[in-house]
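predicted coordinates and the sequence they were generated for:
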Amino acid sequence: MYQSRLISLLRTLDRKEWRKLHKWLQSPAHNQREDVQQLAAWLHAQVPFDDPDALSKEAAWARLFPGRPYDDRHMRQVMHFLLKAVEAMLLHDEQNADRVRALTMLAGVFRKRGLDKAFEATMKQVRKRHEQQPWRNELYFRNQYLIEQEQYSYLSGFQRLHLNLQEMSDALDLTYIVDKLRQSCLMLAHQTVYKADYRIGLLEPVLRYVEQEDLLRFPAIAVYYHIYHTLSERDEEGHFYRLREQIRQHYDKFPRGEMRDIYLFAINYCIGRINAGKEPFIREAFELYRAGLEQGILIEERGISAWTFRNVVTNGVYLGEFEWVARFIDEYQHLLESKFRESTVLYCQAQLHFARRDYDTAMRLLARTDFDDILINLRAKTMLLRMYYEEGEFEALESLLQSMRTYMQRKKVMGYHRANFQNFVRLTRKLVRLNPFNKQKREALRQEIEKAEPMTLSEKQWLLQQLDQL
């Protein structure tokens, strides 16, 4: 039983859903078997299901049917009926979560039964609720289409002249356009990262139609239109700024999960521009992070990812937002997943003290843990390397340079990250060994540093500063 579909599904229930399940099973409309209720009650007592032996079918049988010989066929039947009851309850909840769609379906029931007054009253309620709900995303337009479709089915039953065909067609167009733009953004983003090859189909005529019909007045269309162009035309930064304005004006018109995706599209664009050496986008990314956190949009059900947490701190300390970063680490660290919390907080606190030039504290924090993440480990070593150099601890510096080279040979550091750390180690070694009075070699090293692409040498400015100080 421990690895059954039933247990897998029950693991996902929260306390409220367990209470609802017990009430659901007590209703004859949903369950007429007492043994199913008893099995649910016994399983509830076994939460969080961490003991495979305690969750055997034999143990359940002994509790449900004491004194009776074990019957595997009967036991599997009870489990099956409980599974179907849980599925029915969750499906019922899902169908009724969208009240506009549920009421539209109810209006359809009245229409099919010839209850005209009930239909018209329900449709009036549907339209009012539809306009009152806050979202203006694809779901809004899809529901608008379903409402118009239901209205058409009603009107076409007794008249042929004044039908809502135009309204139904417009709603269908808007539904498709929003969904097509959003899907295209997802495909292009995935294609960029994973080198996939997608055919995006009718996107080009959709883009032309959006421009011709001035459909950017709809926030959902404008958001995904500009996201698409930030993905396909990265050097055209105007689309990002228009996207940023749409986010500021209309962040409350999308469900939180969808708005989080929109924020991440914008933030990832900023990260790409930062990697291309566009420093102003560090501020843009930071402000997006700050707004998304304050609005609760970037906080997922499981909290904040370690990746997001570190990025917020990295951008904040670079911009000198030390007080805000300190408050952020203190107030948001409890939202990190427990297994990543200590190492992430130590690393971020070290970053903050490093940026404040409190090197003693930064070194002590970095010494308290060995980071499992390869890139974070290398970034921590980079901080140490810079501190050793600036403090004149060249023996420790040489040892660290060698250990970083060995570490990268043993570990798989991929793509531009490998080039970045390799270049930093190599150029730092040259800097340490440079004769400051040899102008020719100083100039050669300067040119080598300056020629490096930002993505392959993130510490370019620090290296140039140290070269200037020789």
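Yes, it's here.

low-confidence ranges in the stretch 301-450 of the chain?
Residue ranges of the stretch 301-450 of the chain with pLDDT under 70: 413-414.

show me where it has its helices.
Assigned by DSSP state H, counting those that start in this stretch, the helices in the stretch 301-450 of the chain fall at 306-318, 322-332, 338-355, 359-367, 374-390, 394-410, 415-433, 439-451.

list the helices and strands the first one packs on?
The helices and strands touching helix 306-318, judged by 3 or more Cβ pairs under 8 Å, 6 or more residues apart in numbering; DSSP states H and E, are helix 280-294, helix 322-332, helix 338-355. From N, CA and C alone the C-beta is placed, and that goes for glycine too.

please apply the same query to the fourth one.
Applying 3+ Cβ pairs under 8 Å, 6+ apart, one finds that helix 359-367 contacts helix 338-355, helix 374-390.

now Phe49: which helix or strand?
For Phe49, there is no host helix or strand (DSSP states H and E).

leaving out the residues flanking it, which one is nearest to Ala419?
Counting by Cβ to Cβ, 6 or more residues apart in numbering, Ala419 lies nearest to Thr456, which is 4.2 Å off, once chain neighbours are set aside.

for the one you found, grab the count of nearby residues.
Using other Cβ atoms under 10 Å, Thr456 has 18 neighbouring residues.

that one against Phe424, yeah?
No - counting by Cβ atoms under 8 Å, Thr456 does not reach Phe424; the two are 9.4 Å apart.

mean neighbour count and distance to Tyr154 for the helices of the stretch 301-450 of the chain - can I get that in TSV?
TSV is the format used below for the helices of the stretch 301-450 of the chain (neighbours: other Cβ atoms under 10 Å; distance: least, Cβ to Cβ, whole Å):
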stretch	mean neighbour count	distance to Tyr154
helix 306-318	21	48
helix 322-332	16	52
helix 338-355	20	55
helix 359-367	17	68
helix 374-390	20	60
helix 394-410	14	69
helix 415-433	17	58
helix 439-451	13	71
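
would you turn these into TSV with distance to Leu13?
Shown next, in TSV, are those (distance: least, Cβ to Cβ, whole Å):
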stretch	distance to Leu13
helix 306-318	28
helix 322-332	28
helix 338-355	22
helix 359-367	40
helix 374-390	35
helix 394-410	44
helix 415-433	41
helix 439-451	58
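
export the helices and strands packed on helix 306-318 to CSV and tack on distance to Leu91?
Shown next, in CSV, are the helices and strands packed on helix 306-318 (distance: least, Cβ to Cβ, whole Å):
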stretch, distance to Leu91
helix 280-294, 33
helix 322-332, 36
helix 338-355, 33
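
to Pro255, which of these lies closest?
For Pro255, the closest of the helices and strands packed on helix 306-318 is helix 280-294, at 14.3 Å, according to Cβ to Cβ.

who's in contact with that closest one?
Contacts to helix 280-294, defined as Cβ atoms under 8 Å, 6 or more residues apart in numbering, come from residues 240, 244, 247-248, 251, 260, 263, 266-267, 270-271, 273-274, 297-299, 308, 311-312, 315-316, 318-319, 321, 324, 328, 332.
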